[in-house]
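[1] model the structure of this input:
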Amino acid sequence: MDYLALVYLGVIFFPNIISFALFGYDKHQATYKKWRIPEFVLILSAFFNGAFGALCGMVFFNHKTKKKLFLFAVPILLFLQLIVEIIARLIISPFQTPLPL
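    Numbers count the residues shown, from 1 in each chain. Down below sits the predicted model:
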């Protein structure tokens, strides 16, 4: 596997999986009235490149969909992350050979 694919997995894929799992676990805990993940942690997971996973978790688990903070913050974070990704892809061409480690 090349360097850029590993960076993509580490920076894009895993934070979204973790964010999605956090929303699912929090919904499970809410259903059984057990200890919950703080909202700050859920928003923080969306902030650190997991906004798409957070949005998918909100829709898939129907969780935090009535909270205004989540309804506004998660889509805005996703939009900002997409803008950063587009700019990064324009600056770093996919045809550019990565530097050896």
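
[2] where does the chain dip in pLDDT?
    The chain contains residues with pLDDT under 70 at 1, 93-101.

[3] now the spatially most central residue of it. Its backbone dihedrals?
    For the chain, the residue nearest the mean C-alpha position is Gly50 (1.0 Å; Cα atoms, centre = their mean). Main-chain dihedrals, Gly50, degrees, to the nearest 10: phi -120, psi 30.

[4] could I get the contacting residues of the nearest residue to it once chain neighbours are set aside?
    With Cβ to Cβ, 6 or more residues apart in numbering as the criterion, Gly50 has its nearest non-adjacent residue at 3.1 Å, and that residue is Ser19. No exception for glycine: its C-beta is placed from N, CA and C like everyone else's. Residues near Ser19 by Cβ atoms under 8 Å, 6 or more residues apart in numbering: 42, 45-46, 50-54, 57.

[5] would you check that Ile43 makes contact with Phe70?
    Yes. Using Cβ atoms under 8 Å, Ile43 is in contact with Phe70, at 7.4 Å.

[6] top helix in this structure by residue count?
    helix 68-91 (DSSP state H).

[7] helices or strands up against that helix?
    helix 39-47, helix 51-60 (3 or more Cβ pairs under 8 Å, 6 or more residues apart in numbering; DSSP states H and E).

[8] most packed of the ones you listed?
    For these, the largest average neighbour count (mean count of other Cβ atoms under 10 Å) is found in helix 51-60, namely a mean of 21.

[9] could I get the CA-only coordinates of that helix as CSV?
    What follows is helix 51-60 as a C-alpha-only set of coordinates in CSV (Å, rounded to 0.1, in the frame of the first residue of the first chain):
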residue,chain,number,x,y,z
ALA,A,51,-18.1,14.9,10.5
PHE,A,52,-19.3,12.5,7.8
GLY,A,53,-19.3,9.6,10.3
ALA,A,54,-21.1,11.8,12.8
LEU,A,55,-23.8,12.8,10.3
CYS,A,56,-24.2,9.2,9.1
GLY,A,57,-24.5,8.2,12.8
MET,A,58,-27.1,10.9,13.5
VAL,A,59,-29.2,9.7,10.5
PHE,A,60,-28.7,6.0,10.8
